[in-house]
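Peer 1: Curious how this folds, go ahead:
(one chain, ligands or ions: 1)
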Amino acid sequence: MSTLTRPATLSDAFLESLVARVPSTSGGTWKLTEVYTGEHLVDLPQSTPEDIERAFETARVAQRAWAATPLRQRLAVFKRAHDLFIDNALTTADLLQAESGKNRRMAIEETCDPPMVMSHYLKRAPKVLAPKRRGGPVPLVSHSTEIRQPKGVVGIIAPWNFPFATGISDAVPALMAGNGVVLKPDNKTALSPLFGVSLLEQAGLPKGLFQVVCGEGPDVGPTLIDNASYIMFTGSTATGRTIGERAGRNLIGACLELGGKNPQIVLDDVDVDEWVASTLFGVFGNTGQICMHIERIYLPESRYDELRSAFVRATEALRIGAAYDFEPEVGSLVSVDQMHRVLSHVEDAVAKGATVLTGGRPRPDLGPAFFEPTVLEGVTTDMDCGVTETFGPVVALHPYRTVDEAVALANDTDYGLNASVWGADLDRAQAVAARIEAGNVNVNDALATAYASKGTPSGGVKQSGVGARHGDQGLLKYTDVQNLAVLKKQVLGARPGQDYNAYVKQMLTGLKMMRRTGIR
Ligand code: NAD
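Peer 2: Numbers count the residues shown, from 1 in each chain. Reported below is the predicted structural model:
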């Protein structure tokens, strides 16, 4: 039995009120536990395929009225929600910590993501969603307008590592564009997104528009995808492939935000103190369970010993523990299963010749799923952690001789989600960054600068995904384009009785003229 005191906010009545939103006619439940202790928190209802179909029907009815609501009125809901989310950040952080085991510093940062996304699109949506009038094929007598229509009801499938950010932030632009949403969070981390939906409704989001269904992925996924107008998925590359296949069969669009094996290249003019401070978060933030976190670090041979000892020393000084306060710098992994996955990667590496510079062990004295921040050396591509995502607090250090070699090693992966380059000479660092095959590259930071830049699309290349969130693309993907074309007078084609040879000559000359004069 643990001595940890659970926050008073997480009363049984509060948790029951959150899960009451999940439709479940079967009465089946899933035991949702507090990660730090393994103790039971609440029974999470599980949705049947029929429950999911009904959730879509309800959302579709609400969506029709919502899409007909003027954009200004829709956005007013998110203006109110923005402040409400910030006012409730501490309660959200309590839920996030209990369900995921993350430390409080990370939990608070996660609560800021939906308000940041709301703030960005509150400014940008009126411009991006406005109809855009363009010229038609014949000047003066024709024009065409690009009109953005909501897709309908968007299905969102979210992972456990950032359940509030992926569950709520990805729904915000979909809703602003006039869609309904049916969200399937991971069973382990359903509480914070359920709370987020209740906050949106308090801010005025019409009831029924944003549904949450729960269940194991393979049970819920097929019905969800078969009923959705579009799929927004965040999770592993393996699951992304399954989801993409089904979306493809149904001829609906999908945005797939998947895994990574993210590299960092440190150049020889790096400021060691700044690099260490930032990279500790880049590696061990969220206990290494950030899709964009760094798992491979390439250090210049000329400064390898100095940089390695500075990083190992700082790793050993990290405070790790279970607490609902800001003291621990590193929290728990999400589950005992995840801890075993991380342990197996470390054991496999050691068995094949890698060296543990620090860490490498579970910490059952702190909680069932704790694992020490771990630094490895001598990792090769025949080891699990040399090629596949570990998704835990484990990083491998590698020396390199030339920058070309470092770039080649960084790119020697099937993934392409995020990368980081460090160096005092910004031009040089940016030139190296441009050579890395990744959807995001941070110069002099590990990941946060790219992720928090909400105006720029952020997604993966290679096996790390298809599509992007954030930026105009992150809003437009939830819309279909309607090309509304108007011809004021029938001038296309030959006039009645006109010689066709003469018409063709006139038309071809006209085409040349229009390009030369810049009309078309
Ligand atoms: P996962 O793929 O196992 O599960 C993600 C979600 O998909 C969960 O809700 C799960 O229940 C559901 N799911 C599983 N099988 C399914 C199926 N057959 N049909 C429908 N849904 C199904 O991933 P995870 O372990 O929860 O999350 C960790 C992974 O997510 C890591 O690989 C991480 O890199 C990735 N991730 C990527 C991003 C990004 O933006 N690129 C962000 C966060 C996490």
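Peer 1: what residues does the protein put near the ligand?
Peer 2: Within the chain, the positions lying close to the ligand (CB under 6 Å from any ligand atom) are 157-162, 184, 186, 217-218, 221, 234-236, 239, 242-243, 257-260, 291, 389, 391, 417, 460, 465. All C-beta spots, glycine's among them, are computed from the backbone N, C-alpha and C.
Peer 1: Emit the ChimeraX select command for whichever of those are buried.
Peer 2: Selection of buried members from the residues of the chain next to the ligand for ChimeraX, criterion 16 or more other CB atoms under 10 Å:
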select :157,158,159,160,161,162,184,186,217,221,234,235,239,242,243,257,258,259,260,291,389,391,417,460,465
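Peer 1: In helices, which of the residues of the chain next to the ligand appear?
Peer 2: Taking DSSP state H as the definition of helices, the residues of the chain next to the ligand contribute 217-218, 221, 239, 242-243.
Peer 1: Among these, find me the one that's closest to Leu357.
Peer 2: Thr239 (32.7 Å; CB to CB).
Peer 1: Next one: the nearest residue to that closest one once chain neighbours are set aside from His340, what distance?
Peer 2: Once flanking residues are discounted, Thr239 sits nearest to Gly217: 6.5 Å by CB to CB, 6 or more residues apart in numbering. Distance, Gly217 to His340, by CB to CB, to the nearest Å: 19 Å.
Peer 1: longest helix of the chain?
Peer 2: Under DSSP H, the chain gives helix 49-68 as its longest helix.
Peer 1: That one packs against which elements?
Peer 2: The helices and strands touching helix 49-68, judged by 3 or more CB pairs under 8 Å, 6 or more residues apart in numbering; DSSP states H and E, are strand 142-150, strand 153-157, strand 180-184, strand 210-212, helix 217-227.
Peer 1: Export those to JSON lines and append columns for distance to Ala76 and mean pLDDT.
Peer 2: JSON lines is the format used below for the helices and strands packed on helix 49-68 (distance: least, CB to CB, whole Å; pLDDT from 0 to 100):
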{"stretch": "strand 142-150", "distance to Ala76": "17", "mean pLDDT": "97"}
{"stretch": "strand 153-157", "distance to Ala76": "21", "mean pLDDT": "99"}
{"stretch": "strand 180-184", "distance to Ala76": "18", "mean pLDDT": "99"}
{"stretch": "strand 210-212", "distance to Ala76": "16", "mean pLDDT": "98"}
{"stretch": "helix 217-227", "distance to Ala76": "29", "mean pLDDT": "97"}
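Peer 1: mind putting those in JSON lines, distance to Leu18 included?
Peer 2: JSON lines is the format used below for the helices and strands packed on helix 49-68 (distance: least, CB to CB, whole Å):
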{"stretch": "strand 142-150", "distance to Leu18": "27"}
{"stretch": "strand 153-157", "distance to Leu18": "18"}
{"stretch": "strand 180-184", "distance to Leu18": "13"}
{"stretch": "strand 210-212", "distance to Leu18": "9"}
{"stretch": "helix 217-227", "distance to Leu18": "18"}
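Peer 1: and Thr402, which of the ones you listed is closest to it?
Peer 2: strand 153-157 (42.4 Å).
Peer 1: Residues in contact with whichever helix or strand comes after the closest one: which ones?
Peer 2: The helix or strand immediately downstream of strand 153-157 is helix 163-164, counting by DSSP states H and E. Contact partners of helix 163-164, identified using CB atoms under 8 Å, 6 or more residues apart in numbering, comprise 92, 96, 99-100, 110-111, 113-114, 185-186, 189-190, 192-193, 196.
Peer 1: quick check: mean pLDDT across the strand or helix carrying Leu299?
Peer 2: Leu299 is part of strand 294-300 when elements are defined by DSSP H and E. What strand 294-300 shows for mean pLDDT is 98.
Peer 1: what sits up against it?
Peer 2: Under the contact criterion CB under 8 Å, 6+ apart, strand 294-300 has outside partners 260-268, 279, 282-283, 288, 307-308, 311, 379, 385, 389-390, 394-400, 406, 409-410, 418, 420, 446-447.
Peer 1: cool, stretch 354-362 as well?
Peer 2: Contact with stretch 354-362 is made by 308, 312, 315-316, 339, 343, 346, 350, 370-380, 383, 393-394, 396-397, as judged by CB under 8 Å, 6+ apart.
Peer 1: if we can go back for a sec, show me which positions of the longest helix of the chain end up buried.
Peer 2: So helix 49-68, judged by 16+ other CB under 10 Å, has buried residues 49, 51-56, 58-60, 62-63, 66.
Peer 1: In TSV: those residues, plus pLDDT.
Peer 2: Formatted as TSV, those follow (pLDDT from 0 to 100):
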residue	pLDDT
Pro49	98
Asp51	98
Ile52	98
Glu53	98
Arg54	98
Ala55	98
Phe56	98
Thr58	98
Ala59	98
Arg60	98
Ala62	98
Gln63	99
Trp66	98
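Peer 1: between these, which is nearest the ligand?
Peer 2: Closest approach between these and the ligand, by CB to the nearest ligand atom: Ile52, at 11.4 Å.
Peer 1: Now do Val213: how many residues are near it, please.
Peer 2: When neighbours are counted by other CB atoms under 10 Å, Val213 registers 28.
Peer 1: Need the nearest residue in space to it, chain neighbours excluded.
Peer 2: In space, and not counting its chain neighbours, Val213 is closest to Ser47: 4.0 Å by CB to CB, 6+ apart.
Peer 1: for Gln211, same thing?
Peer 2: Nearest-residue entry for Gln211: Ala55, 4.0 Å, with adjacent residues in sequence omitted and distances by CB to CB, 6+ apart.
Peer 1: Send me stretch 237-246 as CSV with only the CA atoms.
Peer 2: Output of stretch 237-246 as CSV, limited to C-alpha atoms (Å, rounded to 0.1, in the frame of the first residue of the first chain):
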residue,chain,number,x,y,z
THR,A,237,3.5,3.1,-36.8
ALA,A,238,2.1,-0.5,-36.7
THR,A,239,-1.4,0.6,-35.7
GLY,A,240,-1.2,3.6,-38.1
ARG,A,241,-0.7,1.1,-40.9
THR,A,242,-3.9,-0.8,-40.0
ILE,A,243,-5.9,2.3,-39.6
GLY,A,244,-4.6,3.8,-42.9
GLU,A,245,-5.5,0.6,-44.7
ARG,A,246,-9.1,0.7,-43.5
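Peer 1: What residues of that stretch count as buried?
Peer 2: Neighbour-count burial for stretch 237-246 flags 237, 239-240, 242-244, 246 (criterion: 16+ other CB under 10 Å).
Peer 1: could I get the residues you listed as JSON lines with pLDDT and distance to Leu333?
Peer 2: What follows is the buried residues of stretch 237-246, written out as JSON lines (pLDDT from 0 to 100; distance: CB to CB, whole Å):
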{"residue": "Thr237", "pLDDT": "98", "distance to Leu333": "20"}
{"residue": "Thr239", "pLDDT": "98", "distance to Leu333": "19"}
{"residue": "Gly240", "pLDDT": "98", "distance to Leu333": "22"}
{"residue": "Thr242", "pLDDT": "98", "distance to Leu333": "24"}
{"residue": "Ile243", "pLDDT": "98", "distance to Leu333": "24"}
{"residue": "Gly244", "pLDDT": "98", "distance to Leu333": "27"}
{"residue": "Arg246", "pLDDT": "98", "distance to Leu333": "30"}
